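Trainee: Here is the input, now give the coordinates:
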Amino acid sequence: MVKHEFGIRSATLGEAIPSRAEQRVVGENRRREVLKLDLFMREVSP
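Mentor: Numbering: from 1, shown residues only. Model (predicted):
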């Protein structure tokens, strides 16, 4: 929630584009971690 508010606040300062790019990178990294964990759980479970 705080990060979302910061994004809105930075948008008012005209820094919306870097903020959005940063959010996209964070989202891709999180998705990659979830996929890694999913593959790991599939290998571990019989």
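Trainee: Show me what secondary structure element comes after the helix or strand of the chain with the lowest mean pLDDT.
Mentor: None of the helices or strands of the chain scores lower by mean pLDDT, DSSP states H and E than helix 2-12, at a mean of 52. Moving toward the C-terminus from helix 2-12, the next helix or strand (DSSP states H and E) is helix 16-44.
Trainee: just checking, what packs against that next one?
Mentor: helix 2-12 (3 or more Cβ pairs under 8 Å, 6 or more residues apart in numbering; DSSP states H and E). Where C-beta positions appear, they are placed from N, C-alpha and C, glycine not excepted.
Trainee: Extract the residue ranges of this protein that are flagged as low pLDDT.
Mentor: Applying pLDDT under 70 to the chain flags residues 1-19, 46.
Trainee: can you do 50?
Mentor: For the chain, the stretches flagged by pLDDT under 50 are 1-2, 11.
Trainee: ok now do residue 30, which residues does it touch?
Mentor: Neighbour list for residue 30: empty [criterion: Cβ atoms under 8 Å, 6 or more residues apart in numbering].
Trainee: Check the gap between it and residue 45 for me.
Mentor: Going from residue 30 to residue 45 by Cβ to Cβ, to the nearest Å gives 22 Å.
Trainee: Then residue 38?
Mentor: Taking Cβ to Cβ, one finds residue 38 at 11 Å from residue 45.
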